[in-house]
Structure formats: structure tokens, C-alpha cells
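# Predicted structure and sequence below. I'll ask about it afterward.
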There are 2 protein chains.
Amino acid sequence: MKDITSKLIGLFKRGYCTPQIARIAKKIKEPSTTIHYNIKKLEKEGAIKTYKAVFDYKKVREGHCTYILINLNKGKYGDPEEIAKELAKHDNIESVDICTGEYELIIKLRSKDIDEYYEILKHLIKKHNFSKTVSMTSLKQMKTEFVEM
Amino acid sequence: MKDITSKLIGLFKRGYCTPQIARIAKKIKEPSTTIHYNIKKLEKEGAIKTYKAVFDYKKVREGHCTYILINLNKGKYGDPEEIAKELAKHDNIESVDICTGEYELIIKLRSKDIDEYYEILKHLIKKHNFSKTVSMTSLKQMKTEFVEM
DNA sequence: AAATATAATTGAATATTATTCAAATATTAA
DNA sequence: TTAATATTTGAATAATATTCAATTATATTT
């Protein structure tokens, strides 16, 4: 066996998809060349970042999902934006936002299970020296990435 | 003018895209028929929910982004799952999770600006009778839907 | 208001890509 | 070991995206 599946999941997580121009043309009853023109325009303007897949994350071994509110340690440990950029590179982190309110950062972390979640969080706290974290684990995901589950 | 753009954004928010089989085949150096077979399998299993676009949300009039932590009013106002399902239908809400911790729900809300955000939140509080909400507005979105910004 | 420039729409032709099918190979179950 | 099932693959076909040139609409300038 070649395990093409996991390669596909990796690629689809952030790209390797494309619009269905013919289907859209039928749907909104316009010529496909018009649709094509307008899509290319959105892409050139940078309004569209990428085309990607949305998964049933339980079925792709990322069923555990936690929102983590983070307080950073001020001073010598680098500025929040740098830390946020670092976090954004992590493959298990779906989103990273610098926020208003009690916490400086909010991240959404997906993992296989609670054990993997714990290992990742432990590692992140150590690496970036967070002064405080509050975790909210999802018991039921009703909607993700604008897609109802 | 036909304003095809806003129709496209609406459709791409949750679908009307498809995998690029030929490009994947080149990338991982396997025959495109093999890629095709494996993708169809993932789709049949329900592992892939949809293919969609990710936007630069500032450029599609959804630049304001807030995480809202919610406490529900117990009792007569319906169970959390029903409310979550209702919220999930809302077009400005990117995600809805039922959570552990101090708050029962966490939602991610995208709007044009702070005024629209305020109107939507006011409406939601009134409609679903939340007992408490805490808002964390994103000052900078470093990553969304697994896509770095 | 007219003239000009720019942007958007569209049909026809072409290039690219997905899909189907049948056969071969590999894996799993009996 | 055999039979059943799942996966891989090349060749042929069907469907789709893309290019191009022409038309129409919109915005800008005089």
C-alpha cells in the first residue's frame, strides 16, 4: 500500500483545489467565460487566498479540538507578532489571532486525541514561555470554516 | 454591471470547488487515476466534507473578526445543541463549538466592521437570551482555516 | 455632451483535465 | 492455499478550463 490518503489530506488542508467554473455558470445562469473572468480578477486582487478541502476531522485523525487563550510573558521573550507567526507554522494549529481582552492570543488546535493535545500544549508553553493559558475543548463542533457539520 | 463577485464569494464560502487531480499527481508522482480513486474514496467515506475558498476577509468586506464566549440561560430557552445549530445557520458565523470550561459556547463571527458586529451580537443576544457573553476581537489574523495570512 | 480610455461580458476554438473502463496487482479473509 | 475484496494503473473518452478576439458597458477626459 502507498498511503496516498495522508498525502492528500496534507495537500488539501491548504490548497490543491480549484473552482468549478462550469457548475457555477449553470447555478447563476451566466456564461462560463464571464465566471472565469470574475474569478481570475478576485484571485489577482488577492481576495481569494486559496482553494482547499474541509474535512470531517474525526475521520482524518484530528477529532480533538481546543481553543486556547494565551497570556504571553512580556519583555525578553520576543514580541507577540513574532510568536503568533511561529505558532501559525504549526501544522496542528488551525487559526492564530492576536486579540483584545484578557488574553493576547487565541489559537485553535486540532489533534488526534487528548494525549496528543497535551503533548503539543506542553511543548508550546515551554517553547514560547506563555505566562498563562486557558483551554476550552470542543465537545461538539457544529460549524467549522463556514461549513456546518 | 452584474455583480457576479458577491455571488461567487457566497458560493465559494462553503463549496463549488474541486480537487486538482493532475497537479496532485505531478506533485506526489503517482498516476492521476490512482489519485482520482483515492480522492473518491475519501469523499465516499465522508472524510472530505467540501472543497471551498479561503479569502482575504478584509478584501471581501468581512474584515472584522471576533471570538465570542457565551453563557446560555438554563431552562426554558431550549437546549444548547439546538441553539448551537441555529447559530450555525448564520452566514456571518464561521464556527460554532459547544465547549468545556466557563462558557458553554464559543463562536467566531466575521462582519464588515464593528458597527455590523454590534448589530449582529445585539440581535443574537436578544434572540437566544444569552446570560453572558465575552468578546475577543481579533487585532491581527495570522492564520485562518489552516491558511497563513 | 462627445470622445476616449478602460473594464466587463461573451461565443467560438483550443488546451487541459477529470472520468470511465477494463485489466493487472496487491491485500485481506476464509 | 484459495477466494474475495481493495487498490493501482494505462488507454480512451467526456467534461471542463482557458485563450482569444470581438462586443458591449462603464468611467474618465476634454
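Structure received.

# Alpha carbons only: can I get the one helix or strand A:Tyr118 maps to in PDB?
In this assignment (DSSP states H and E), A:Tyr118 forms part of helix A:114-128. Taking Å, rounded to 0.1, in the frame of the first residue of the first chain, the C-alpha atoms of helix A:114-128 are listed here in PDB:
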ATOM      1  CA  ILE A 114      -6.400  14.400  24.300                       C
ATOM      2  CA  ASP A 115      -2.900  12.800  24.700                       C
ATOM      3  CA  GLU A 116      -1.600  14.400  21.600                       C
ATOM      4  CA  TYR A 117      -3.200  17.700  22.600                       C
ATOM      5  CA  TYR A 118      -1.500  17.600  26.000                       C
ATOM      6  CA  GLU A 119       1.900  16.900  24.400                       C
ATOM      7  CA  ILE A 120       1.500  19.800  21.900                       C
ATOM      8  CA  LEU A 121       0.400  22.300  24.500                       C
ATOM      9  CA  LYS A 122       3.200  21.300  26.900                       C
ATOM     10  CA  HIS A 123       5.700  21.800  24.100                       C
ATOM     11  CA  LEU A 124       4.200  25.200  23.100                       C
ATOM     12  CA  ILE A 125       4.200  26.500  26.700                       C
ATOM     13  CA  LYS A 126       7.800  25.500  27.200                       C
ATOM     14  CA  LYS A 127       9.000  26.800  23.800                       C
ATOM     15  CA  HIS A 128       7.200  30.200  24.000                       C
END
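
# Which residue ranges of chain A form strands?
Along chain A, counting by DSSP state E, strands occupy A:17-19, A:48-55, A:64-71, A:93-99, A:105-111, A:132-144, A:147-148.

# possible to save those strands as TSV with mean pLDDT, mean neighbour count and distance to B:Ile68?
C-betas here are computed from N, CA, C, even on glycine. Below are the strands of chain A laid out as TSV (pLDDT from 0 to 100; neighbours: other Cβ atoms under 10 Å in any protein chain shown; distance: least, Cβ to Cβ, whole Å):
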stretch	mean pLDDT	mean neighbour count	distance to B:Ile68
strand A:17-19	98	21	30
strand A:48-55	98	22	22
strand A:64-71	97	22	11
strand A:93-99	98	23	12
strand A:105-111	98	24	11
strand A:132-144	97	18	12
strand A:147-148	98	16	18
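
# Compare those strands and give me the one nearest DNA strand D.
strand A:17-19 (6.0 Å; Cβ to the nearest atom of the strand).

# Name the surrounding residues that touch that closest one.
A:39, A:50-53, B:12, B:16-20, B:51-53 (Cβ atoms under 8 Å, 6 or more residues apart in numbering or on different chains).

# State the paired neighbours of that strand in the sheet, together with their directions.
Strand A:17-19 pairs in its sheet with strand B:17-19 (antiparallel), by DSSP bridges.

# Quick one: residues contacting the closest residue in space to A:Cys99 that isn't next to it in sequence.
Leaving out its chain neighbours, the residue that sits closest to A:Cys99 by Cβ to Cβ, 6 or more residues apart in numbering or on different chains is B:Met136, at 4.3 Å. B:Met136 sits next to A:69, A:97, A:99-103, A:106, B:66-69 when contact means Cβ under 8 Å, 6+ apart.

# returning to that earlier point: just flag the most distant two among the contacts of strand A:17-19.
A:Ile39 and A:Ala53 (18.3 Å; Cβ to Cβ).

# List, one by one, the residues from chain A near DNA strand D.
A:1-2, A:4, A:18-23, A:25, A:32-33, A:36 (Cβ under 7 Å from any atom of the strand).

# Adding distance to B:His123, write those residues out as JSON lines.
Formatted as JSON lines, the residues of chain A next to DNA strand D follow (distance: Cβ to Cβ, whole Å):
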{"residue": "A:Met1", "distance to B:His123": "52"}
{"residue": "A:Lys2", "distance to B:His123": "51"}
{"residue": "A:Ile4", "distance to B:His123": "46"}
{"residue": "A:Thr18", "distance to B:His123": "36"}
{"residue": "A:Pro19", "distance to B:His123": "32"}
{"residue": "A:Gln20", "distance to B:His123": "34"}
{"residue": "A:Ile21", "distance to B:His123": "36"}
{"residue": "A:Ala22", "distance to B:His123": "38"}
{"residue": "A:Arg23", "distance to B:His123": "33"}
{"residue": "A:Ala25", "distance to B:His123": "35"}
{"residue": "A:Ser32", "distance to B:His123": "38"}
{"residue": "A:Thr33", "distance to B:His123": "40"}
{"residue": "A:His36", "distance to B:His123": "38"}
